[in-house]
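Colleague: Generate coordinates for the sequence data below:
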Amino acid sequence: PPHPRLSPQTCPLLLRVFTTNNGRHHRMDEFSRGNVPSSELQIYTWMDATLKELTSLVKEVYPEARKKGTHFNFAIVFTDLKRPGYRVKEIGSTMSGRKGTDDSMTLQSQKFQIGDYLDIAITPPNRAPPPSSRMRPY
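Modeller: Numbering: from 1, shown residues only. Okay, the predicted model is just below:
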C-alpha cells in the first residue's frame with residue numbers, strides 16, 4: 001500500500017536504482033553514453049522517501065538482502081554540468097535489522113534531482129563493506 005503522505009503536492013517520481021552485491025558502487029563508465037548497468041530496479045517513490053523506506057523496497061525485490069546485518073551504501077549518480085560524464089556522491093548507509101543514523105535521511109535533503117540515479121552497494125552480513133571511495137588510491 002502506498003505510504004500516506006502529508007501534502008498532496010508531493011508527486012511520486014520514477015527512481016532508477018542500480019544495485020551491486022559486492023559492496024562497491026558501479027564504475028562511472030558503466031553509465032556513459034546512454035548505457036546503464038543491467039541491475040536496474042524502477043521504483044515509484046517520493047523526494048521525501050527516507051533511506052530506510054528505500055532499503056525496505058529493495059528488500060522486497062531481493063529477499064537475500066533481508067538478512068540481518070546486510071549493509072546498504074547509498075550514492076547518487078548525477079551528470080556533472082562542468083564536465084561530461086557522471087559523478088557519484090555517497091550519501092549514507094543503512095543496515096538490515098539495525099537502526100542507524102542515516103535511516104531518516106531523505107533524497108531531497110541530499111539534493112537529489114529528478115533524473116539522477118541511485119546506486120546502492122549491498123554488502124552481505126559478516127563481510128565488512130570496503131572502505132569508502134574517498135580512501136581509494138585513484
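Colleague: and the closest residue to Thr50 other than its chain neighbours, what does it touch?
Modeller: Leaving aside its chain neighbours, Thr50 sits nearest to Ser104 (5.1 Å; criterion: CB to CB, 6 or more residues apart in numbering). The way it works is simple: take the backbone N, C-alpha and C, and place the C-beta from them, glycine included. Counting by CB atoms under 8 Å, 6 or more residues apart in numbering, Ser104 touches 50-52.
Colleague: With His71 instead?
Modeller: 23, 93-96, 122-123, 125, 129.
Colleague: one step back: do you know how far the residue nearest to Thr50 is from Pro125?
Modeller: 23 Å (CB to CB, to the nearest Å).
Colleague: Equivalent analysis for Phe72, please.
Modeller: On the measure of CB to CB, Phe72 and Pro125 end up 12 Å apart.
Colleague: shared neighbours, those two?
Modeller: By CB under 8 Å, 6+ apart, the residues touching both Phe72 and Pro125 are Ser96.
Colleague: The two: which has the busier surroundings?
Modeller: Phe72 (25 against 13; other CB atoms under 10 Å).
Colleague: and the more buried one, what pLDDT?
Modeller: On pLDDT, Phe72 comes in at 97.
Colleague: before we move on, what SS does it have?
Modeller: strand (DSSP: H, G, I helix; E, B strand; the rest coil).
Colleague: tell me the contacts of the closest residue to it other than its chain neighbours?
Modeller: Leaving aside its sequence neighbours, Phe72 sits nearest to Thr94 (CB to CB, 6+ apart; 4.8 Å). Each residue near Thr94 by CB under 8 Å, 6+ apart is listed here: 51-52, 55, 71-72, 74, 100, 102-103.
Colleague: and Thr94, what element?
Modeller: Assigned by DSSP states H and E, Thr94 belongs to strand 86-95.
Colleague: Phi, psi for Asp29 please.
Modeller: phi -70, psi -10 (degrees, to the nearest 10).
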